[in-house]
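Asks: Predicted model and sequence follow; I will ask about them next.
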Amino acid sequence: MNEDRATPAQLLAIAEAVVAPAAAQVAELRAGAAREVSTKSTETDVVTAADRAVERQLVAELRRRRPTDAVFGEEYGAGGDPAGAGGSGVRWLLDPIDGTVNYLYGIPWYAVSIAAEVDGEVVAGVVRNAATGDQWSASAGHGAWREGRRLRGSTETRLGHALVATGFGYQPARRAYQAEVLARLLPQVRDVRRLGAAALDLCLAAEGTVDVFYERGLQPWDHAAGGLIAAEAGLTVAGLDGAPGDGEMFIAAPPALFGPLHDRLRELAAAAGP
């Protein structure tokens, strides 16, 4: 393969090849002694030895296959990976365990998430639930898939009948503000689910198991793969007021629900606060 000419399908094939052994390692480490815990931004923002070990494995395998690509991982370095930025135009975004708190407590809702960007645009992504083996994937222009089934998102058209997935940040003041927003949104939707792994939540939105997803405070590795999967399933993926989906606000919803949810979140100043 010519590294500099890799297609989205070729990059997805690489992501799928490396995600399965990484997810297996996650499961093996949980059964062993790799749940040693430290914290990052706050006392509730945990990271385990498994997060770091799995990311090292992912980086090593990507290095072997595509040595001149850049890598941007949650544990490998928020500043990116200058040693791998060799001009290929490809950057890998890695979350070795999305849903670390679930992993720590044995709740079977945590995943390995891998996405590939080309010149800043996400073109391939895969999310694999390490507890169950369920896997979702997408490449730009080729749809979103789960186990050979193409995903189309929810057919719900009324916000009042929508099941909403969301999450909270780790800073106490931000959490409190997000809870206030959610409390005001809740009477206007069917119900809310907070499952604890944004990448998997986006996959549920892509397949229509939940109707919409929104969250403030996501990092690129949180939403890169899941966001592409949602978009390729036909969902509108964006932020507020025409901004791209990012850390300020990330919304994924079917077109019929995106406008009503967007407008309500704007009315609630969901992107404001701490």
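Replies: Nice, thanks for sending it over.

Asks: List the contacts of Ala9.
Replies: Neighbouring residues of Ala9 by CB atoms under 8 Å, 6 or more residues apart in numbering: Ala124, Ser139, His142. In short, each C-beta sits where N, CA and C put it, glycine included.

Asks: Now do the SS call for Val164.
Replies: Under the three-state scheme (DSSP: H, G, I helix; E, B strand; the rest coil), Val164 adopts strand.

Asks: Distance-wise, check it relative to Arg64.
Replies: According to CB to CB, to the nearest Å, Val164 and Arg64 sit 41 Å apart.

Asks: Looking at the two, which is more packed in?
Replies: Ranked by neighbour count (other CB atoms under 10 Å), Val164 and Arg64 place Val164 first, with 25 against 9.

Asks: any idea how far Ile229 is from that one?
Replies: From Val164 across to Ile229, the span is 18 Å (CB to CB).

Asks: Mind jotting down where the helices sit in this protein?
Replies: For the chain, helices defined by DSSP state H occupy the ranges 8-31, 49-65, 100-105, 172-185, 198-207, 220-232, 255-267.

Asks: With distance to Leu151 and mean pLDDT added, can I get those helices in TSV?
Replies: Shown next, in TSV, are these (distance: least, CB to CB, whole Å; pLDDT from 0 to 100):
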stretch	distance to Leu151	mean pLDDT
helix 8-31	15	95
helix 49-65	24	91
helix 100-105	23	90
helix 172-185	25	96
helix 198-207	5	98
helix 220-232	7	98
helix 255-267	15	98
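
Asks: Select, out of these, the one closest to Gly73.
Replies: Evaluated over the helices of the chain, closeness to Gly73 peaks at helix 49-65, with 5.1 Å, by CB to CB.

Asks: any weak-confidence spans in the stretch 51-200 of the chain?
Replies: Low-confidence segments of the stretch 51-200 of the chain (pLDDT under 70): 75-86.

Asks: run the last query once more with 80
Replies: Applying pLDDT under 80 to the stretch 51-200 of the chain picks out residues 74-87.

Asks: who wins for proximity to Asn129 among the helices of the chain?
Replies: Using CB to CB, those put helix 198-207 closest to Asn129, at 6.3 Å.

Asks: Now do the closest one against helix 220-232, angle only.
Replies: 0 degrees (axes from the mean of the first three to the mean of the last three CA atoms, to 10 degrees).

Asks: Adjust the sequence numbering to begin at 46 for everything that follows.
Replies: All right, first residue 46 from here; so that's helix 243-252.

Asks: Residues touching helix 243-252, excluding its own?
Replies: For helix 243-252, contacts defined as CB under 8 Å, 6+ apart pick out 140, 143-144, 154-156, 158, 172, 174, 181, 183, 189, 191, 196, 198-199, 210-212, 238, 240, 255-258, 260, 263, 267-268, 270-272, 274-275, 277-278, 280, 295, 297-298.

Asks: Check stretch 182-193 too.
Replies: Taking CB under 8 Å, 6+ apart as the rule, stretch 182-193 contacts 53-54, 56-57, 60-61, 166-172, 179-181, 195-196, 248, 251-252, 270, 273-278.

Asks: and if you look at stretch 62-69?
Replies: Contacts for stretch 62-69 (CB under 8 Å, 6+ apart): 99, 102-103, 106-107, 110, 141, 156-157, 159, 171, 173-175, 178, 180.
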